[in-house]
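[1] Give me coordinates for this.
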Amino acid sequence: MTSAQYSNNLEAFWMPFTANRQFKQNPRMLVGAKDMHYTSADGRQILDGTAGLWCVNAGHGRPKIVEAVSKQVAELDYAPAFQMGHPKAFELAARLSAMMPKPLDHVFFTNSGSESVDTALKIALAYHRAKGNGTKFRLLGRERGYHGVGFGGISVGGISGNRKTFGTMLTGVDHIRHTHDLAHNAFTRGQPEYGADFADDLEKVDRAA
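    Numbers count the residues shown, from 1 in each chain. Below is the predicted model:
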């Protein structure tokens with residue numbers, strides 16, 4: 001196949017969170033980006049309101065970022081973290097640790113939000129087991145909450161459609177009410193008068209256990 005034939009073949013890519021047949025009948029292609037806008041295949045400028053699904057918060061095509069990434073890829077594009085490392089990974093961890101409130105002083109790097117959530121759940125469970133609290137394993141999420149697409153994330157997440165086809169999830173998971181309430185979610189200065197009862201839901205779950 002020629003390059004053009006590959007480009008026009010949309011069937012091989014199974015897209016996430018997308019009605020694939022519908023999309024491929026009328027594809028919406030993005031072919032470029034600069035600062036806070038994408039450029040569509042038909043030349044329109046489209047505001048990137050989600051920062052590339054939360055991956056490009058500083059904007060697209062920023063010269064300093066492009067230069068830094070190009071320089072690093074030319075020096076070393078990847079170093080495994082299993083029994084090996086790269087000095088800059090340790091430098092970044094130290095700089096992040098210095099910004100965090102004590103006693104937070106360690107950094108565990110991950111590759112995505114979904115991986116971060118599953119890793120955080122594993123660290124929490126492993127921590128209590130290491131402290132001799134192996135029976136402390138319950139996890140709580142909120143209804144309508146989104147925590148990625150790993151098994152841990154969809155277990156504690158509150159979007160039922162994300163887990164309905166995958167059978168048994170993590171055990172020991174409970175969900176409490178979501179906090180989205182348009183009648184009360186208004187801007188407030190200082191501590192809002194409304195909302196403390198959402199925290200009280202934690203005690204209700206504890207009593208029901």
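[2] which residues of the protein fall in helices?
    3-8, 20-25, 51-54, 63-75, 87-99, 113-130, 151-156, 196-208 (DSSP state H).
[3] Please export the C-alpha coordinates of the fifth one as CSV.
    By that I understand helix 87-99. C-alpha atoms of helix 87-99 as CSV (Å, rounded to 0.1, in the frame of the first residue of the first chain):
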residue,chain,number,x,y,z
PRO,A,87,20.3,11.3,36.3
LYS,A,88,17.5,13.7,35.1
ALA,A,89,14.8,11.5,36.5
PHE,A,90,16.3,11.7,39.9
GLU,A,91,16.8,15.5,39.5
LEU,A,92,13.2,15.9,38.6
ALA,A,93,12.0,13.8,41.5
ALA,A,94,14.1,15.8,43.9
ARG,A,95,12.8,19.1,42.5
LEU,A,96,9.2,17.9,42.8
SER,A,97,9.8,16.6,46.3
ALA,A,98,11.1,20.0,47.4
MET,A,99,7.8,21.6,46.2
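[4] So what touches that helix?
    With contact meaning C-beta atoms under 8 Å, 6 or more residues apart in numbering, helix 87-99 is reached by 72, 79, 81, 104-107, 109. To be clear about C-beta, it is placed using only N, CA and C from the backbone, and glycine gets the same treatment.
[5] Point to the residue nearest the middle of this protein.
    Nearest to the geometric centre of the chain sits residue 113, at 2.5 Å (C-alpha atoms, centre = their mean).
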